[in-house]
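> here are the coordinates; sequence isn't available:
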């Protein structure tokens, strides 16, 4: 049964209390995604590209009517050291946080985590100048 049809036929909160063992094809990279290997019963994103679909308003409720692509924009560390992925919907801009899965691409997770260092919001050449403006000593490059 397709995900779109399943949302209509099951109780609104069905996935809050039941595992979802469905397989699906990623809408972004086209790879088949199976729930086995995720480390939990709730596979909600592609382990290859980490993209998801905007299906839920609250986790597991399948109440979102958007259906847009959820793009991974960041990662954060939860209490206890578990990583979570921050997704933003390309269509409506909604933000959500999803636990990382056991089989997620470590290279992709690290590339998202390091993005602010690789693409800082200011030119690195101006760090010393910016520190001087703020009254700091900056850092010496020599």
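Received it, and whenever you're ready, just let me know what you need. Because the structure is a prediction, the values reported are computed rather than measured. Numbering: from 1, shown residues only.

> Near residue 46, how many other residues are there?
25 (other CB atoms under 10 Å). The way it works is simple: take the backbone N, C-alpha and C, and place the C-beta from them, glycine included.

> if I look at it, how far off is residue 96?
Here the criterion is CB to CB, to the nearest Å. By it, residue 46 lies 15 Å from residue 96.

> Same check on residue 134?
34 Å.

> and those two? which has more neighbours close in?
Using other CB under 10 Å as the criterion, residue 134 and residue 96 rank with residue 96 on top: 19 against 8.

> could you point out which element follows the top helix by length along the chain?
Secondary structure of the chain per DSSP state H: the longest helix is helix 106-118. Once helix 106-118 ends, the next helix or strand along the chain (criterion: DSSP states H and E) is helix 127-133.

> secondary structure class for residue 70?
strand (DSSP: H, G, I helix; E, B strand; the rest coil).

> burial count for it?
By other CB under 10 Å, neighbour count at residue 70 equals 29.

> Could you report the distance from it to residue 44?
9 Å.

> Now do the shared contacts for these two.
Between them, residue 70 and residue 44 share these contacting residues under CB atoms under 8 Å, 6 or more residues apart in numbering: residue 52.

> where do the helices sit along this protein?
3-9, 14-17, 106-118, 127-133.

> if we can go back for a sec, which parts of the longest helix of the chain are buried?
Using 16 or more other CB atoms under 10 Å as the test for burial, helix 106-118 gives 108-109, 112.
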